[in-house]
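Participant: the amino acid sequence is not available; the structure is as follows:
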């Protein structure tokens, strides 16, 4: 598709001098380049080309293509403004067919675009309305007054003299009508110490758990290792005594229940001591494992951040619905 630029520019009464032949050639080249870029999906570059061409030769078809480029870029409000500019321009009765068709297309596309632009309304809670300064993306807005913005991410800030600003970020989608309640209620004075105290005690508790758990882990592992070595030693002694019993030091070659032979008495005492060491080693390792668990818990247990004060507000749009979370973050 190529854009034709007529020999006579639009709105001659508002343009005191007609463009030169060189300007028309340059505008036509830029316009055709803009069409190529638009068809390739390079809408930002296409917009630059159409604006450059329109600066050389004013023509409604160039403005319509610029508005379409803005639409593709998500800049709906800018696109609406350009379409409206085309509609508001009076055309002479002798205006070219291309100019008349551009104005008709602008009217149709503006009607389709208007309901797609999202709307936001902000209400205030916890403060007097006249004392708060509201900004949306750095621009002053009035509370309880609907404003329109392009789809995308936005930042709302409420500032009241003598208080920290309250900021909330949110997203607007096409056709959405969003209502946000910004809570500026100051925290009560008595709540401040109660909120900060648990953080300090939590830090002390973590330190105690970390030190105590580390000590228990170290002691348990060391003691368990020592008792294990002792139990293994007694196990070896017991096996040697069993060999002596089987070799004939006990008359029956086994130990009777009363353990009367001396070797049997010694074997019984050795086995009892072995099991004592085994139990001591087991309990020591359990203490060590508990100490390790305590250290891990102290490492992962972090103080919880201060509780956010939020409000959940439903929003309903054309083809969309959801909830707004607003307040102090």
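Facilitator: Great, that's in hand. Computed from a predicted structure; not experimentally measured. Numbers count the residues shown, from 1 in each chain.

Participant: just the strands from this protein, written as ranges.
Facilitator: Chain-ordered strands for the chain, with DSSP state E as the definition, fall at 119-125, 133-136, 139-141, 147-148, 152-159, 166-172, 177-183, 309-317, 320-328.

Participant: which strands and helices sit next to the helix ranked longest in the chain?
Facilitator: Counting residues, the longest helix found in the chain (DSSP state H) is helix 191-244. The criterion is 3 or more C-beta pairs under 8 Å, 6 or more residues apart in numbering; DSSP states H and E, and the helices and strands that helix 191-244 contacts are helix 262-300. Yep, even glycine has a C-beta here, placed from its N, CA and C like the rest.

Participant: identify each buried residue in the helix it packs on, please.
Facilitator: Under the neighbour-count criterion of 16 or more other C-beta atoms under 10 Å, helix 262-300 has 263-264, 266-267, 270-271, 273-274, 277-278, 280-281, 284-285, 287-288, 291-292, 294-295, 298 buried.

Participant: which strands or helices does that helix pack on?
Facilitator: So helix 262-300, by 3+ C-beta pairs under 8 Å, 6+ apart, packs with helix 191-244.

Participant: the helix it packs on to helix 262-300, inter-axis angle?
Facilitator: What separates the directions of helix 191-244 and helix 262-300 is an angle of 160 degrees, with axes from the mean of the first three to the mean of the last three C-alpha atoms, to 10 degrees.

Participant: quick one, what contacts residue 83?
Facilitator: The neighbourhood of residue 83, defined by C-beta atoms under 8 Å, 6 or more residues apart in numbering, consists of 64, 67, 106, 107, 109, 110, 113.

Participant: next step: the residues you listed restricted to helices.
Facilitator: With helices defined by DSSP H, the entries of the contacts of residue 83 inside them are 64, 67, 106, 107, 109, 110, 113.

Participant: run a quick neighbour tally on the first one.
Facilitator: By that I understand residue 64. Using other C-beta atoms under 10 Å, residue 64 has 23 neighbouring residues.

Participant: wait, it sits on residue 100?
Facilitator: No. Counting by C-beta atoms under 8 Å, residue 64 does not reach residue 100; the two are 11.9 Å apart.

Participant: residues near the residue lying closest to residue 145 once chain neighbours are set aside, how many?
Facilitator: Leaving aside its chain neighbours, residue 145 sits nearest to residue 121 (6.9 Å; criterion: C-beta to C-beta, 6 or more residues apart in numbering). Counted by other C-beta under 10 Å, the residues lying close to residue 121 total 17.

Participant: who's in contact with residue 172?
Facilitator: Taking C-beta under 8 Å, 6+ apart, one finds 118, 120, 149, 150, 151, 152, 154, 178 in contact with residue 172.

Participant: can I get those in TSV including neighbour count, pLDDT and distance to residue 87?
Facilitator: What follows is the contacts of residue 172, written out as TSV (neighbours: other C-beta atoms under 10 Å; pLDDT from 0 to 100; distance: C-beta to C-beta, whole Å):
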residue	neighbour count	pLDDT	distance to residue 87
118	25	97	22
120	22	96	26
149	19	96	22
150	18	97	21
151	17	97	23
152	12	96	26
154	17	97	28
178	24	95	28
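
Participant: out of those, which is nearest to residue 30?
Facilitator: Taking C-beta to C-beta as the measure, residue 150 is the one of the contacts of residue 172 closest to residue 30, at 26.0 Å.

Participant: got the phi/psi numbers for the closest one?
Facilitator: In terms of degrees, to the nearest 10, the main-chain angles of residue 150 are phi -70, psi 150.

Participant: ok, now how distant is it from residue 139?
Facilitator: Taking C-beta to C-beta, to the nearest Å as the measure, residue 150 falls 12 Å from residue 139.

Participant: for residue 73, same thing?
Facilitator: Between residue 73 and residue 139 the distance, using C-beta to C-beta, works out to 20 Å.

Participant: and what of residue 114?
Facilitator: 21 Å.

Participant: neighbour-wise, which of these two wins?
Facilitator: For residue 114 and residue 139, the more surrounded residue by other C-beta under 10 Å is residue 114, and the numbers stand at 13 against 9.

Participant: so the more buried one makes contact with residue 80?
Facilitator: Yes. A contact is recorded between residue 114 and residue 80 when judged using C-beta under 8 Å, the distance being 6.7 Å.

Participant: what sits in contact with each of those two?
Facilitator: By C-beta under 8 Å, 6+ apart, residue 114 and residue 80 have no common neighbours.

Participant: give me every residue that touches residue 109.
Facilitator: Each residue near residue 109 by C-beta under 8 Å, 6+ apart is listed here: 64, 67, 68, 71, 83.

Participant: please enumerate the helices of the stretch 1-150 of the chain.
Facilitator: Counting by DSSP state H, counting those that start in this stretch, the stretch 1-150 of the chain has these helices, from start to end: 21-39, 43-56, 60-72, 76-88, 97-113.

Participant: name the stretch among those that sits most buried.
Facilitator: Burial of these is given as mean neighbour count (mean count of other C-beta atoms under 10 Å); helix 60-72 ranks first at a mean of 24.
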